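Colleague: Provided below are the primary sequence and the corresponding predicted coordinates.
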Amino acid sequence: MLNSKIPRRTFLASTAGGLLAGSVGGVHQAAAQFKARHKVERVGIGAIGLRYQGTVITEKAQEYGDVVALADVDQEILKKAQSDFGGRPATFTDYRDLINRSDVDVVTIGTPDHWHVKMAMDACRAGKDVYVEKPLTLTIDEGKQLRKVVQETGRVVQVGSWQRSDHRFRLAVEMVRQGRLGELRKVEVVLGKNKTGGPFPKLSPPANLNWDLWQGQTPEVAYQKERCHYTFRWWLAYSGGQMTDWGAHHLDIGQWAIGAWPERIEGKAKYPTIADGYDVPIDFQVDYRYPNGVVMTVRDEGRNGILFTGTQGRIFVNRGTISGKPVEDLVKQPLDREQFNQYSHDNLERPKRSGKLDAIVNHMGNFFDCVESRAQPISDAESQHRSVSTCHLGNVAMRLGRSLSWDAQLEEFVDDAEANSHLRREQRAGFEVI
């Protein structure tokens, strides 16, 4: 049994004025104080997917426990990761051998997107708590399946949508929720351009890579090195381009502030015509309309970030800044600390939870706090299923090039068999997400 003693996160500051201080650096100063120590028993961590972000999240996780096992389909990456983590962790090509170990309490998943849900479901069923990278799902149907497994197993699942733990984005959401912009009317999101390229040569897979296992549920195709590692995100077989890559961050924040799910989606995009190359949209825009009248527009050109516009002002937020007159006004008119509560997508008809909002200066720390307390983390499976579903809706609307109606309760398009066919995909035998 897991029996770690992890210090609780402290509140931001006793006043909302302290919140503003956090938005200009106070939280960063406080973050240095939060080091997980004094545990009775160290948590056993198993890491799946060790390139790029997979290594980043595992390094963060080891502050809270011991990395005891590693899994990756690339032997070169696996060997390097074992060395980076002190040469001690056991190594596996097949992740199932890792999650079945009794010394693994927690699993981190940093693989390409098309593996996230199956690995998370398998880990939950094996009795492990899970930190999985964003975007959570490859399809909307996958998210519904994962939700069921999480509910059945009672495991803690945190998704790497860490902007929910960043003081700038949290401040922006709270300002919208407390009416500092008046009535919210519009949310404008800029994600950035998708990468273009191709045609790429078809090659024999390198000896160090298990190409069959890498492909997983996706259609079996000839190996192209551009399909692997970081550039997988520019292939619709494995990801959703910027709509799910950056969108899983920015659309999540935008929708968190809106407090509703979309009911109408309209998309337009141009797609590359080069065979054997990246197939994500070259130019795109998606417009979402919400039941409360808010319109969220997502574009690929402009300054990366989120612009909230209300009847009494607007604010812009990205990873470097939060700006606008309502932000400046916080000096004289601080936010109501009693209203600074945690929001969740699990019941939008009752948007505020009881209790004050903990300062989450560390997204990974929040996960391990919840591993101990069994509370829901800030980026839980349900909220992130809903957020990335909005991203998927945009990709479907772009692909079909027309307006779509969405029933958020049933999680299906209204009287539209063609659109509903995009809620799931055929899965390769032996790798089904079930």
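Modeller: Sure thing, it's come through.

Colleague: for Asp245, which non-adjacent residue is spatially closest?
Modeller: When the adjacent residues along the chain are set aside, Asp245 lies closest to Arg233, with 5.2 Å between them (Cβ to Cβ, 6 or more residues apart in numbering). For the C-beta atoms, the positions are set from N, CA and C on the backbone; glycine is no exception.

Colleague: contacting residues for that neighbour?
Modeller: Shown in contact with Arg233 (Cβ atoms under 8 Å, 6 or more residues apart in numbering): 112-113, 239, 241, 244-245, 280.

Colleague: okay, how far is it across stretch 311-321, tip to tip?
Modeller: End-to-end distance for stretch 311-321: 22 Å, by Cα to Cα, to the nearest Å.

Colleague: for stretch 272-283, same thing?
Modeller: Across stretch 272-283, first to last residue, Cα to Cα, it's 10 Å.

Colleague: quick check, distance from it to the centre of its chain.
Modeller: 25 Å (Cα atoms, centre = their mean, to the nearest Å).

Colleague: contacts for that stretch next, please.
Modeller: 193-200, 202, 224, 226, 231, 233-236, 239-242, 269-271, 300-301, 398.

Colleague: filter those residues down to the ones in strands?
Modeller: 269-270 (DSSP state E).

Colleague: filter the contacts of stretch 272-283 to the buried ones?
Modeller: 194, 200, 224, 226, 231, 233-236, 239-242, 269, 300, 398 (16 or more other Cβ atoms under 10 Å).

Colleague: with respect to Tyr290, which of those is nearest?
Modeller: Lowest distance from Tyr290 to those (Cβ to Cβ) belongs to Met398, with 18.8 Å.

Colleague: you'd agree Gly65 is up against Gly44?
Modeller: Yes. If you go by Cβ atoms under 8 Å, Gly65 and Gly44 touch, sitting 6.3 Å apart.

Colleague: hmm, back to that, just the buried ones among the contacts of stretch 272-283 now: which is nearest Arg185?
Modeller: Nearest to Arg185 among the buried ones among the contacts of stretch 272-283, with distances taken as Cβ to Cβ, is Asp300, at 22.5 Å.

Colleague: for the closest one, give its distance to Gly240.
Modeller: 13 Å (Cβ to Cβ, to the nearest Å).

Colleague: over to Asp252?
Modeller: 14 Å.

Colleague: how close does Ala222 get to Pro272?
Modeller: 19 Å.

Colleague: tell me the contacts of the residue nearest the centre of the chain?
Modeller: Relative to the mean C-alpha position of the chain, the nearest C-alpha, by Cα atoms, centre = their mean, is the one of Lys134, at 3.1 Å. Going by Cβ under 8 Å, 6+ apart, Lys134 touches 159-161, 248-249, 379, 384, 388.

Colleague: find the nearest non-adjacent residue to it, please.
Modeller: Ala248 (4.1 Å).

Colleague: one more: Leu209?
Modeller: Asp74 is the one closest to Leu209 (Cβ to Cβ, 6+ apart), at 5.1 Å.

Colleague: for the residue nearest to His422 when sequence neighbours are not counted, which three-state class applies?
Modeller: Computed as Cβ to Cβ, 6+ apart, the closest residue to His422 that is not its neighbour in sequence is Val396, at 4.5 Å. Per DSSP: H, G, I helix; E, B strand; the rest coil, the local secondary structure of Val396 is helix.

Colleague: tell me the contacts of Val396?
Modeller: Contacts of Val396 (Cβ under 8 Å, 6+ apart): 265, 267, 404, 419, 422.

Colleague: identify, from the residues you listed, the entry nearest to Ile48.
Modeller: His422 (27.6 Å).

Colleague: neighbours around that closest one, how many?
Modeller: 20 (other Cβ atoms under 10 Å).

Colleague: repeat that for Ser102.
Modeller: 7.

Colleague: tell me the pLDDT at it?
Modeller: Here, the pLDDT recorded for Ser102 equals 97.

Colleague: repeat for the one 4 residues further on
Modeller: What the model reports for Val106 is a pLDDT of 98.

Colleague: would you mind measuring from it to Gly127?
Modeller: Counting by Cβ to Cβ, the gap from Val106 to Gly127 is 11 Å.

Colleague: if you count surrounding residues, which of the two has more?
Modeller: Between Val106 and Gly127, counting by other Cβ under 10 Å, Val106 is the more crowded of the two (25 against 14).

Colleague: surely that one and Glu372 touch.
Modeller: No. Val106 lies out of contact with Glu372 (Cβ under 8 Å); the separation is 11.0 Å.

Colleague: with adjacent residues omitted, what lies nearest to Gly197?
Modeller: Tyr278 (5.1 Å).

Colleague: where does the chain have low pLDDT?
Modeller: 1-40, 337-361 (pLDDT under 70).

Colleague: mind running it again at 90?
Modeller: By pLDDT under 90, the weakly predicted segments of the chain are 1-42, 52, 336-362.

Colleague: so what are the domain limits for it?
Modeller: The record's domain parsing of the chain by automatic domain parsing lists 16-164+360-380, 180-335+384-423.

Colleague: which of these is buried the deepest?
Modeller: Comparing those by mean neighbour count (mean count of other Cβ atoms under 10 Å), domain 16-164+360-380 ranks first with a mean of 20.
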